[in-house]
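In: model the structure of this input:
(one chain, ligands or ions: 1)
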Amino acid sequence: MKHSNNNSSGTITWRSPSNIALIKYWGKMPVQIPANPSLSMTLKNAFTVMSLGYFLRDDQPAKPSLEFLFEGKKQEKFEKKIADYLDSLLPAFPGLRDYGFSIASSNTFPHSTGIASSASSMSALGLCLADFLHGRGWLETGGNALLREASRLSRLASGSACRSVYGSYTIWGRVPQIPDTSDEYAIPVPFKIHPEFHAFKDAILVVSSREKEVSSRAGHGLMNDHPYASKRYELAANNLLELSKAMQDGDLEKFVMITESEALGLHGLMMTSNPSYLLIEPNTVNIVNRIRHYRKETGIPVCFTLDAGPNVHMLYPAEYEIKINEWISGELVNYCENGNWIDDGIGQGPVRIIHNPESGI
Ligand code: DP6
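Out: Predicted coordinates:
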């Protein structure tokens with residue numbers, strides 16, 4: 001790969017984190033428009049580093065060429081997915097077809113943990129592409145336009161990815177009561193978060209690393225004919241407003257209540273889809289019960305959320321870290337696959353990595 005950054009060739013690298021939704025995005029309309037708004041916490045340690053190499057081609061190709069390497073190895077499935085995504089951008093950015101791209105991507109979290117990587121990897125892609133398009137003068141510039149466009153491009157690749165473009169807490173989806181929110185891109189929460197929520201931890205308890213049987217994409221599709229769909233969308237929008245208020249007021253009790261209800265509600269939707277399916281496992285339920293008991297016994301405001309899988313994201317204020325870590329290693333690891341868990345927490349968002357040709361980075 002070349003490291004020059006003129007218009008005809010170069011490399012752009014971004015490090016972008018995963019995020020965990022507190023208010024869940026579940027159900028969508030074309031093209032990647034969410035059926036309800038969602039609110040998430042950006043993580044710190046679970047991230048993707050992606051380099052986008054590009055070069056101007058001198059033949060007259062019908063579409064951009066792409067080579068995709070994941071952790072140094074060719075990955076045909078992802079390559080095809082990203083190639084299709086690039087093709088879908090051609091009507092908006094016809095100049096893309098004149099370029100060849102090579103993407104090298106790697107994650108900090110092991111594949112074997114079953115932690116979804118689409119939010120971090122697709123946001124890294126959105127950031128690299130926005131940067132590339134911006135460098136060609138094909139994107140609006142000024143203010144926070146680069147991140148907004150990166151969020152929009154990330155959304156088109158995977159909905160939840162658009163929320164990873166900003167650190168701390170993020171909202172995606174139009175909420176009439178909250179200014180600047182949009183269905184097309186995420187924004188950082190536009191209100192002052194109470195200090196209770198500034199230093200939050202997420203212990204990701206890995207119950208199973210098996211690939212899930214029903215993809216999120218298919219799960220979203222099942223919402224189209226879901227008997228509870230319209231009530232769910234209404235409830236999610238309300239929960240988002242309530243949670244936003246709790247986060248401004250420092251109301252941990254309400255935060256815990258809404259976050260857990262969203263997590264179980266998401267899995268309730270899966271169980272009542274047609275066909276119905278179940279992604280939680282016995283140890284998911286064991287951990288959920290243990291968290292609720294522990295909270296009652298100790299008064300520590302620890303709670304759980306779940307994404308579309310069996311692993312538990314245990315959320316708590318960082319001041320309880322020592323106690324919680326003792327509890328995890330003394331008990332909760334027994335419910336984790338091979339004792340596996342990931343120590344994560346709130347993060348500051350993506351970082352552009354500057355290339356230094358001398359160091360080879
Ligand atoms: C349960 O963003 O993975 O994690 O837009 O089809 O790529 P696509 O779906 P995806 O769905 C995520 C669903 C969720 C909830 C959430 O992150 O809000």
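In: contacting residues for the closest residue to Ser65 other than its chain neighbours?
Out: Counting by CB to CB, 6 or more residues apart in numbering, Ser65 lies nearest to Gly100, which is 4.3 Å off, once chain neighbours are set aside. Heads up, the C-betas are built off the backbone N, CA and C, glycines and all. Going by CB atoms under 8 Å, 6 or more residues apart in numbering, Gly100 touches 54-55, 57, 64-66.
In: let me see the ranges of the strands in the stretch 51-200 of the chain.
Out: Assigned by DSSP state E, counting those that start in this stretch, the stretch 51-200 of the chain shows strands spanning 65-70, 73-74, 99-107, 169-172, 186-188, 200-205.
In: need the next SSE after the last one, C-terminal direction.
Out: Scanning forward in sequence from strand 200-205, with DSSP states H and E defining helices and strands, the next element found is helix 216-222.
In: tally of neighbours for Trp341?
Out: When neighbours are defined as other CB atoms under 10 Å, Trp341 has 23 of them.
In: hmm, I was thinking of Gln177
Out: So Gln177, with other CB under 10 Å, has 9 neighbours.
In: what does the stretch 51-200 of the chain put close to the ligand?
Out: The stretch 51-200 of the chain comes close to the ligand at residues 118, 158-160, as judged by CB under 6 Å from any ligand atom.
In: could you pull out the helices for the stretch 1-150 of the chain?
Out: 76-88, 118-135, 145-157 (DSSP state H, counting those that start in this stretch).
In: relative to Ile346, which of these is closest?
Out: Nearest to Ile346 among the helices of the stretch 1-150 of the chain is helix 118-135; the distance by CB to CB comes to 14.8 Å.
In: mean confidence for that closest one?
Out: Mean pLDDT, helix 118-135: 96.
In: contact partners of the strand or helix carrying Leu264?
Out: Using DSSP H and E, Leu264 maps to helix 252-271. The contact list for helix 252-271 (CB under 8 Å, 6+ apart) reads 21-24, 26, 196-197, 214, 219, 222-223, 226, 228, 232, 235-236, 239, 242-243, 245-247, 276-280, 288, 295, 301, 303-306, 308, 315, 317.
In: sorry, back to before: how about the strands of the stretch 51-200 of the chain in JSON lines, adding mean pLDDT?
Out: Below are those laid out as JSON lines (pLDDT from 0 to 100):
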{"stretch": "strand 65-70", "mean pLDDT": "95"}
{"stretch": "strand 73-74", "mean pLDDT": "94"}
{"stretch": "strand 99-107", "mean pLDDT": "96"}
{"stretch": "strand 169-172", "mean pLDDT": "98"}
{"stretch": "strand 186-188", "mean pLDDT": "98"}
{"stretch": "strand 200-205", "mean pLDDT": "98"}
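In: closest one to Arg136 among the ones you listed?
Out: Evaluated with CB to CB, the strands of the stretch 51-200 of the chain place strand 99-107 nearest to Arg136, the distance being 9.0 Å.
In: can I get the closest one in PDB? Just the C-alpha atoms.
Out: Output of strand 99-107 as PDB, limited to C-alpha atoms (Å, rounded to 0.1, in the frame of the first residue of the first chain):
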ATOM      1  CA  TYR A  99     -11.000   3.900  -8.000                       C
ATOM      2  CA  GLY A 100      -9.600   0.600  -6.800                       C
ATOM      3  CA  PHE A 101      -9.900   0.000  -3.100                       C
ATOM      4  CA  SER A 102      -8.100  -2.300  -0.700                       C
ATOM      5  CA  ILE A 103      -9.400  -2.600   2.800                       C
ATOM      6  CA  ALA A 104      -7.500  -4.100   5.800                       C
ATOM      7  CA  SER A 105      -9.500  -4.500   8.900                       C
ATOM      8  CA  SER A 106      -8.900  -6.000  12.400                       C
ATOM      9  CA  ASN A 107     -10.800  -6.100  15.700                       C
END
